[in-house]
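Chemist: only geometry, no sequence info:
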């Protein structure tokens, strides 16, 4: 890209893990404007322009997007999840709604911003059917997809490719693995879920048992690293009209990173003790309110803070499973060869985000966890 060309980044889904990470990243870059779009306002906008918008409302989308005349890059990280989370991943209503949301945004945007240059669309390992079968290890772009499994990814991807055919703008699809970062009330953010679990356990003592089931080798990606990948994708010639997996670059097993998590929250790792974190939504609400008051936290009530992330944590840590799970590993050779090389140690990532939430007074500060 010509350095002199102005960039205006529109981030859809600016309160979620991906969108909020992208919002923080792009607002720190000089010489570009950032527009944040979501139903509710982000905790901070970092100087970006905020537009409140429900992407399921077709008429309002057309009216609001009509005024966005200078957008050059769209980061589409908006997501509709049904109650129940995991079961909803195969529900036809979720597929239809997510397909509609992308159409409601992109169609009027293409009319309003003829200078659009790039669209980044987020998918994930559900493209490889991780929620219905063991992955083909390592899962590779263009070889391991499970197209026969109903998924809103395919509806969105097919629409995006058809709409771009013959146009001057380009798209990139990124497939991150488990994302860890900053979001409140989201469906899939493990830091509030595990942080609340740790705080509630601390009321009983200094030991933090691992609550999951049998182990599985997996991968994660730091939200800030993913934001850098989104930035790269928007400009790299080799990223045009292509799909890439994104990870931290290593693998992990939950029980192996649990000591780092326990240390980050100022506790000692206990013996594994299977426990459904979702049960805390009913039994732990009052204790969480006590913790909020005691530590003068800015975090909201338990349900508002964790959203559906307790269920996601139980799913990721395989609560209730006694079988050793098949590894969930994707290949990142393709994105490395295309020019994106950022990596991060996953233990370091967990420490980083627990301490970030402590600094923001969203989780209790521990003398042992942070200087």
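Modeler: Now that the structure is in, tell me what you want to look at. As the structure is a computational prediction, the values presented were derived from the model and not from experiment.
Chemist: show me how the chain divides into domains.
Modeler: Domain assignment for the chain by automatic domain parsing gives 7-177+223-246, 180-219+251-329+344-359.
Chemist: residues in contact with the closest residue to residue 65 other than its chain neighbours?
Modeler: Nearest non-adjacent residue to residue 65, counting by Cβ to Cβ, 6 or more residues apart in numbering: residue 108, 3.9 Å away. For the C-beta atoms, the positions are set from N, CA and C on the backbone; glycine is no exception. Residues in contact with residue 108, defined by Cβ atoms under 8 Å, 6 or more residues apart in numbering, are 61, 62, 65, 66.
Chemist: can you give me the neighbour number for residue 155?
Modeler: Number of residues near residue 155 (other Cβ atoms under 10 Å) recorded here: 17.
Chemist: surely it is in a helix?
Modeler: Yes - applying DSSP: H, G, I helix; E, B strand; the rest coil, one finds residue 155 inside a helix.
Chemist: who's in contact with it?
Modeler: 95, 96, 98, 99 are the contacts of residue 155 under Cβ under 8 Å, 6+ apart.
Chemist: and the gap between it and residue 199?
Modeler: Residue 155 is 40 Å from residue 199, where distance means Cβ to Cβ, to the nearest Å.
Chemist: okay, now the nearest residue to residue 252 once chain neighbours are set aside: neighbour count?
Modeler: With Cβ to Cβ, 6+ apart as the criterion, residue 252 has its nearest non-adjacent residue at 4.6 Å, and that residue is residue 346. Look at residue 346: counted by other Cβ under 10 Å, it has 23 neighbours.
Chemist: pretty sure residue 346 is touching residue 256, no?
Modeler: No - at 9.5 Å, residue 346 does not count as touching residue 256 under the criterion of Cβ atoms under 8 Å.
Chemist: got the contact list for residue 75?
Modeler: Taking Cβ under 8 Å, 6+ apart, we find residue 75 in contact with 9, 10, 11, 12, 18, 19, 22, 26, 120, 230, 234.
Chemist: by neighbours, which of these wins?
Modeler: residue 11 leads these on contacts (other Cβ under 10 Å) with 32 neighbours.
Chemist: low-confidence stretches in this structure?
Modeler: 1-4, 84-90, 367-371 (pLDDT under 70).
Chemist: for it, give the helix that spans the most residues.
Modeler: When the chain is parsed with DSSP state H, its longest helix is helix 92-112.
Chemist: chain center to whatever helix or strand comes next after that helix, what's the gap?
Modeler: The helix or strand immediately downstream of helix 92-112 is strand 118-122, counting by DSSP states H and E. The chain centre lies 14 Å from the centre of strand 118-122; the measure is Cα atoms, centre = their mean, to the nearest Å.
Chemist: what is the orientation angle of strand 118-122 with helix 92-112?
Modeler: 170 degrees (axes from the mean of the first three to the mean of the last three Cα atoms, to 10 degrees).
Chemist: oh, and call the first residue 48 from now on, that's how I've got it
Modeler: Understood, numbering begins at 48; the last thing we discussed is strand 165-169.
Chemist: helices and strands around strand 165-169, which ones?
Modeler: In this structure, strand 165-169 packs against strand 120-123, helix 199-211, strand 217-223, helix 270-282, with contacts taken as 3 or more Cβ pairs under 8 Å, 6 or more residues apart in numbering; DSSP states H and E.
Chemist: and that strand, which strands flank it?
Modeler: strand 120-123 (parallel), strand 217-223 (parallel) (DSSP bridges).
Chemist: still on that earlier bit, out of the helices and strands packed on strand 165-169, nearest to residue 412?
Modeler: Of all these, it is helix 270-282 that lies closest to residue 412, at 21.6 Å by Cβ to Cβ.
Chemist: what's the angle between the closest one and strand 165-169?
Modeler: Using the same axes, to 10 degrees: helix 270-282 against strand 165-169 is 140 degrees.
Chemist: buried residues in helix 270-282?
Modeler: 270, 271, 272, 273, 274, 275, 276, 277, 278, 279, 280, 281 (16 or more other Cβ atoms under 10 Å).
Chemist: that helix: how far from the chain's middle?
Modeler: 13 Å.
Chemist: residue 330: how many residues sit nearby?
Modeler: Other residues close to residue 330 by other Cβ under 10 Å number 9.
Chemist: any idea how far residue 251 is from it?
Modeler: Per Cβ to Cβ, residue 330 is found 12 Å from residue 251.
Chemist: equivalent analysis for residue 87, please.
Modeler: 34 Å.
Chemist: same check on residue 242?
Modeler: Per Cβ to Cβ, residue 242 is found 16 Å from residue 251.
Chemist: tell me which of the two has more neighbours.
Modeler: A direct count of neighbours by other Cβ under 10 Å for residue 242 and residue 251 places residue 242 higher, at 24 against 8.
Chemist: would that one count as being in a strand?
Modeler: No - Residue 242: not assigned to a strand; according to three-state DSSP it is helix.
Chemist: I figured it was touching residue 404, is that so?
Modeler: Yes - under the criterion of Cβ under 8 Å, residue 242 makes contact with residue 404 at 5.9 Å.
Chemist: quick check: neighbours shared by these two?
Modeler: residue 410.
Chemist: show me which residues of stretch 361-369 are buried.
Modeler: For stretch 361-369, by 16+ other Cβ under 10 Å, it's 361, 362, 363, 364, 365, 366, 368.
Chemist: the second one sits in which helix or strand?
Modeler: This points to residue 362. Per DSSP H and E: residue 362 is located in helix 356-363.
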